[in-house]
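Undergrad: sequence-free structure coming up:
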Ligand SMILES: C[S@@+](CC[C@H](N)C(=O)[O-])C[C@H]1O[C@@H](n2cnc3c(N)ncnc32)[C@H](O)[C@@H]1O
């Protein structure tokens, strides 16, 4: 496995480059991606007046959901590494329309505590497996929670239960330029939390207790728009930056390459059904 400093720099560069695609598709991500965090949101049961942190908030859709749930009198802080996404989140969900909402651009691994701590709860959708040093990131989360605070997170399991995830990249890759390095072994990436014993080890070392890790399978429903769905999935993944730097003809070939590999998830006239297998993780902190 590469050195942590190299992995951290690689992660920061990846998300800085991925940000324009995530911003462009933010509304679709909010609607189609909702099932990816629903179990964690249900378990968390945010209450009026609570202070909640959303780690890896992207363009802020889930932070806005949390802000609505803790109103009146609560606070929802969305934290993300990608400054462009945080700027987009502030624009999409301004605090005069979403009282108590705030966004912070920072790396969760290198903060002592998150500004606004202590929090009653932390929510994180599809982010913890991407951390270069997950123990450091989870330790920041633990330090930012009050004693008795709760964590609810989701992360992908492995590729076999998320077969659509690599499809867009594989279909686009022959038509675009060089892709960033793909993760090896336990290196940060979509499937680096596949092994639950490793997840338990990381959270225990970070100081969490009462850890539960349950498999949870959902289906993402996307409209029957092959070109738009292909572009959405290319732009969210590792081929996104290379795709944006490709000629319009190359981009069209990349979209048809991705659409071909995504065809098995499509029911013409109905739309796409993307099976997403994740771990639903909960934990608490005592001090
Ligand atoms: C897969 S996206 C998920 C975004 C959002 N939670 C969602 O489900 O739509 C992962 C997010 O985590 C952020 N991220 C990655 N590493 C991070 C870190 N070390 N600290 C804070 N945010 C990080 C990325 O910038 C990105 O927005």
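TA: Ah, there it is. What you see is a predicted model, and the numbers here were worked out from it, not measured in a lab.

Undergrad: going by C-alpha atoms from here, please, whenever you check contacts or count neighbours.
TA: OK.

Undergrad: skipping adjacent residues, who's closest to the residue sitting nearest the centre point of the chain in space?
TA: Closest to where the C-alpha atoms of the chain average out (CA atoms, centre = their mean) is residue 126, at 3.5 Å. The shortest distance from residue 126 to any residue other than its chain neighbours is 4.5 Å, reached at residue 155 (CA to CA, 6 or more residues apart in numbering).

Undergrad: in the helix or strand that contains the one you found, what's buried?
TA: Residue 155 belongs to strand 145-156 when elements are defined using DSSP states H and E. Of the residues in strand 145-156, those scored as buried under the neighbour-count criterion (16 or more other CA atoms under 10 Å) are 145-146, 149-156.

Undergrad: before we move on, what about stretch 188-208?
TA: Neighbour counts over stretch 188-208 (16+ other CA under 10 Å) mark 188-194, 196, 199-200, 202-204, 206-208 as buried.

Undergrad: what's the mean pLDDT across it?
TA: Within the predicted structure, the mean pLDDT of stretch 188-208 is 96.

Undergrad: ok, now stretch 134-142?
TA: Across stretch 134-142, the average pLDDT comes to 98.

Undergrad: cool, stretch 51-60 as well?
TA: So the average pLDDT for stretch 51-60 ends up being 98.

Undergrad: who's in contact with the residue nearest to residue 266 when sequence neighbours are not counted?
TA: On the basis of CA to CA, 6+ apart, the spatially nearest residue to residue 266 that is not a chain neighbour turns out to be residue 272, at 4.3 Å. Contact criterion CA atoms under 8 Å, 6 or more residues apart in numbering gives 220-224, 265-266 as the residues in contact with residue 272.

Undergrad: among the residues you listed, which lie within strands?
TA: Judged by DSSP state E, strands contain the following of the contacts of residue 272: 220-222, 266.

Undergrad: check what pLDDT residue 1 gets.
TA: Residue 1 is given a pLDDT of 67.

Undergrad: mind checking how far the strand holding residue 155 is from the chain centre?
TA: Strand 145-156 has its C-alpha centroid displaced from the chain centroid by 15 Å (CA atoms, centre = their mean, to the nearest Å).

Undergrad: what does stretch 167-187 give?
TA: In this view, stretch 167-187 has its centroid 18 Å away from the chain centroid, taken as CA atoms, centre = their mean.

Undergrad: for the protein, which residues are neighbours of the ligand?
TA: 15, 29, 56-58, 80-82, 106-109, 125-127, 130-131 (CA under 6 Å from any ligand atom).

Undergrad: please redo it, this time with the cut-off set to 5 Å
TA: By the criterion of CA under 5 Å from any ligand atom, the positions of the chain lying close to the ligand are 15, 56-58, 80-82, 107-108, 125, 127.

Undergrad: list the buried residues for stretch 154-174?
TA: Within stretch 154-174, the residues that count as buried by 16+ other CA under 10 Å are 154-158, 162, 164-173.

Undergrad: end to end, how far does it reach?
TA: 31 Å (CA to CA, to the nearest Å).

Undergrad: I'm done for today, thanks for sticking with me.
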